[in-house]
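>>> next input, structure requested:
(chains A and B)
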2 protein chains.
Amino acid sequence: MAENKKVTIAKRSEDYSRWYLDVIKCADLAEHSVVKGCMVIKPYGYALWERIQSVLDRRFKETGHENAYFPIFIPKSFLSKEASHVKGFAKECAVVTHHRLIDSPEGGVEVDPASKLEEEVIVRPTSETIIYDSYSRWVNSWRDLPILINQWANVVRWEMRTRLFLRTTEFLWQEGHTAHATEEEAEDEARKMLGVYREFAEDWMAMPVVVGLKPEHDKFPGALRTYCIEAMMQDRKSLQAGTSHNLGQNFAKAFDVKFTDRDEQVKYVWQTSWGVSTRLIGGLIMAHSDDGGLVLPPKMASVKVVVVPIYREDGERAEVLAVVDRIRAALAESVPELKVDDRDNCGPGFKFTEWERKGVPVRLEVGPKDVAAGQVVLVRRDTGEKSVVPLDGLRGEVERALGDIQSALFERARKFREDNSREIDGYDEFVKFFEGEDAGGYAYCHWCGRAECDERAKSETKAGIRCLPLDRKAEAGRCVVCGGEADGGGRVIFAKAY
Amino acid sequence: MAENKKVTIAKRSEDYSRWYLDVIKCADLAEHSVVKGCMVIKPYGYALWERIQSVLDRRFKETGHENAYFPIFIPKSFLSKEASHVKGFAKECAVVTHHRLIDSPEGGVEVDPASKLEEEVIVRPTSETIIYDSYSRWVNSWRDLPILINQWANVVRWEMRTRLFLRTTEFLWQEGHTAHATEEEAEDEARKMLGVYREFAEDWMAMPVVVGLKPEHDKFPGALRTYCIEAMMQDRKSLQAGTSHNLGQNFAKAFDVKFTDRDEQVKYVWQTSWGVSTRLIGGLIMAHSDDGGLVLPPKMASVKVVVVPIYREDGERAEVLAVVDRIRAALAESVPELKVDDRDNCGPGFKFTEWERKGVPVRLEVGPKDVAAGQVVLVRRDTGEKSVVPLDGLRGEVERALGDIQSALFERARKFREDNSREIDGYDEFVKFFEGEDAGGYAYCHWCGRAECDERAKSETKAGIRCLPLDRKAEAGRCVVCGGEADGGGRVIFAKAY
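From the prediction side, this is the model:
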């Protein structure tokens, strides 16, 4: 996989989009596929997804959920059953119309017209409809509730403008789908899972997030309300990193999911759905990486420590490798994610660059001088800081460095967000705040509640409403766009977004 | 999920097909979806797939493989690049032809003719073509080899006759795809992964398998040779439970996967692919289950032990539940997969039946008499055997019972297979052996090597060649079908099959 070695990484401050793609290429995370808009997730990138899966899957199970699997195909007619749902997804559906290819007279194969399907099926863009059709048969009594199910799956949305990890035609995700006896239980569930996402983003990905509510006009098609986590990237744009929907009874009514309650009354269930996707990897990249390439928080790294032996002749080599073995043994238990780069077709400098580009949090260098002095050189990826560490205390020092990097990355991202957040009350100031490609950040503003004002801001400044933060403080004010009275609930966040 | 409780299970000896579906329904493993040929894998069934995934994934990684993810869509033209591959898969492809739905004048939605794709894409039936297109860009030098990649994914083959788990339009699987510098390395890899499958089938699923080579005319479309594991089900039919292909250089040539070797020569790589799917769950069900429902080997069970408290009045209840808590604590460490069924809307008899149907290996019953005597009743699912166990030694007894059940199930299946295997040399005897619906087994016969004889046997007896066992003993003989001379390599296995 040699091709990535030749690329140089664009400067983040000069060409952010190019920089993002260069980081991905140089860390060997993913690449575009021949199929328009689809990506190939390479092993080093997929390891990040495996980490996301394993941590979240454990948390889902700890919170009482089970995994299941529903078909990838959805009958076309299902989409239309919930009116706003079909509006939200019909425009970007991969439609399967035939089920056979035959030899073409011109060579190759062509679609067999005789294999046309009676009813076309679409490749799931999300699974509410197909799953709730099942739930309608599974639920009879209050004793069958709650249903707490999650699915790990691929989904397809035929996007016109795609970007690796952030927006691809096919992506991987998990989608939780629950059904409850009461409105309150569903609301609790939607918020609980939002909390799981926040915790994962902050504690594992070191990515601070704002927890909020989407404005009414921007909620999930078919939902009662949509909660989200929003993270600020290093270009000051916001990334919606996860959503949790209180679906109310909209889908229950469309798919007839009913139960007999304790009071013998037949009622519709209350539902939620919630999901995060491979988009999180895009967020992880953009939250921390720098001009040297990827920067990974230790808790997300599949290689946490890389050891690079340095030597010139064979005598040195044996000596150095013996110490490397001691290091490996000393760290085996506390840092199993350690890699020794003992390739002998490239020098230390080449290796340093390569592992920097791959974002490995800690590099240990061991040369003949270090061997003589009973020490190693420890280099932090986040700061580039070098320190000399005695071999004897290595384990403690490495553990401490990993812990420090994890919290330093979070703190740096948090500070960046705070430094680029501002309360804005006038539209002129608002426009100025967002002027220029990398300008802006989070503008905390009052808003009158009308979709038109959001639309106007977006068309004039590219910055729209990201969310109504859950912790916003009640405050009277006038809409930053039209000057109309706001509802007094507090400021909302405007930002440019992915 | 109450509906499964009303069903009775057909007798295995009377209606095997009905029995199989009843077992699935009563254990709540899966159900048919509204989309033709697709299934919904319910949580209890999906837990089996999660077990398969976690064990195999660990083994793949231990043997040096990494996971990655490739697109679900394959350009139509890719299929045709390898001549026999397209023949094998073109007839059962889900073809995506459009990417948008629009409002229909009759209500609902219809396919937007303006969204027709320039080149249709098919939903992957297997991923050799799309993956090796990537490999052609990833491989330059011998230093880039071997590539050892696995993918967990869904695939689609538009099947006309489907059966839960055994043959469904969409199924879940893993597909390993490797590329090597030499023919020998590829052959070693194909056999090594076959060994991983055998080990998993036997040591975890308690399902004895024959390890063999597919006859030339029945190999994977595009392979040089196909290895397989075959397991005998309780109706004496054979199930192909996993395959591993030495692809030779066929795909390397079709997709131009070349490298510069140490000797500076440019060469095509040697490849393998190998896979197991949710079909394994069908095999697991059919290998062990009985007229009482599912029987699970302890190593596969997501619930290994169920505790059923028995009491009539509240005084008894508290007493019994206190002991149940002690049991839970005593087993917490060695059997975390323990469930206490403390529902109070159904009696013990109902619970016994339900957990029997779900195949839980060990049931512990605790009633007031047991509490008084400081004991519990331990019931084995495989034999129905009951024993009284003192509370004090419970942990050891449970562990022993689980170990015994695991080996007893393997032994029972092995004996069943041996009892139904026979060397047959004449065609009359062969025909008689396979006469009747549940007749037959494994017929070890000589074969002349011609596909026609396999075809004739299959059309006249429904029994065809399953494999050439790898451990067959060289022996001269005459083809059981045509009487022509066999190659002397030894007997092959004929059987009816799924």
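
>>> can you list the domains in chain A?
Structural domains assigned to chain A are A:2-288, A:299-416, A:421-495, following automatic domain parsing.

>>> nearest to residue B:405, of those domains?
Nearest of the domains of chain A to residue B:405, taken as CB to CB: domain A:2-288 at 24.4 Å. Yep, even glycine has a C-beta here, placed from its N, CA and C like the rest.

>>> ok, back up a step: of the domains of chain A, which is nearest residue B:329?
So among these, domain A:2-288 is nearest, using CB to CB, at 19.6 Å.

>>> so for that closest one, mean pLDDT?
Taken as a whole, domain A:2-288 carries a mean pLDDT of 95.

>>> so which of the domains of chain A is the most packed in?
Highest mean neighbour count among these (mean count of other CB atoms under 10 Å in any protein chain shown): domain A:2-288, with a mean of 20.

>>> who touches the closest residue to residue A:259 other than its chain neighbours in this structure?
Nearest non-adjacent residue to residue A:259, counting by CB to CB, 6 or more residues apart in numbering or on different chains: residue A:139, 4.9 Å away. Each residue near residue A:139 by CB atoms under 8 Å, 6 or more residues apart in numbering or on different chains is listed here: A:145, A:147, A:179, A:257-259, A:269.

>>> swap the cut-off to 7 Å and go again
Each residue near residue A:139 by CB atoms under 7 Å, 6 or more residues apart in numbering or on different chains is listed here: A:145, A:147, A:179, A:257, A:259, A:269.

>>> the third one against residue A:144, yeah?
No: using CB atoms under 7 Å, residue A:179 is not in contact with residue A:144, being 8.6 Å away.

>>> which residues sit in contact with the closest residue to residue A:456 other than its chain neighbours?
Nearest residue to residue A:456 in three dimensions, chain neighbours excluded: residue A:481, at 5.6 Å (CB to CB, 6+ apart). Residue A:481 is in contact with A:427, A:453, A:456-457, counting by CB under 7 Å, 6+ apart.

>>> sec struct for residue A:481, please.
Following DSSP: H, G, I helix; E, B strand; the rest coil, residue A:481 is assigned to coil.

>>> is it correct that residue A:490 is in contact with residue A:470?
No: at 10.1 Å, residue A:490 does not count as touching residue A:470 under the criterion of CB under 7 Å.

>>> and the helices in the stretch 1-150 of chain A?
Taking DSSP state H, counting those that start in this stretch as the criterion, the stretch 1-150 of chain A carries its helices at A:16-26, A:43-62, A:76-79, A:83-89, A:128-138.

>>> ranges for the strands of the stretch 51-200 of chain A?
All strands of the stretch 51-200 of chain A, identified by DSSP state E, counting those that start in this stretch, fall at A:66-67, A:73-75, A:95-98, A:101-103, A:109-111, A:116-123, A:147-156, A:170-180.

>>> is the last one anywhere near chain B?
Yes: applying CB under 7 Å from any CB of the partner chain, one finds strand A:170-180 in contact with chain B at A:170, A:172.

>>> can I get that strand as CSV, trimmed to CA atoms?
The C-alpha atoms that make up strand A:170-180 are tabulated as CSV, following Å, rounded to 0.1, in the frame of the first residue of the first chain:
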residue,chain,number,x,y,z
GLU,A,170,-23.4,4.1,1.4
PHE,A,171,-22.5,4.4,5.0
LEU,A,172,-22.3,2.2,8.1
TRP,A,173,-24.3,3.0,11.2
GLN,A,174,-26.3,1.8,14.1
GLU,A,175,-30.0,2.5,14.4
GLY,A,176,-31.9,2.0,17.7
HIS,A,177,-35.6,1.5,17.5
THR,A,178,-37.7,1.4,20.6
ALA,A,179,-41.4,1.2,21.4
HIS,A,180,-42.9,2.1,24.8
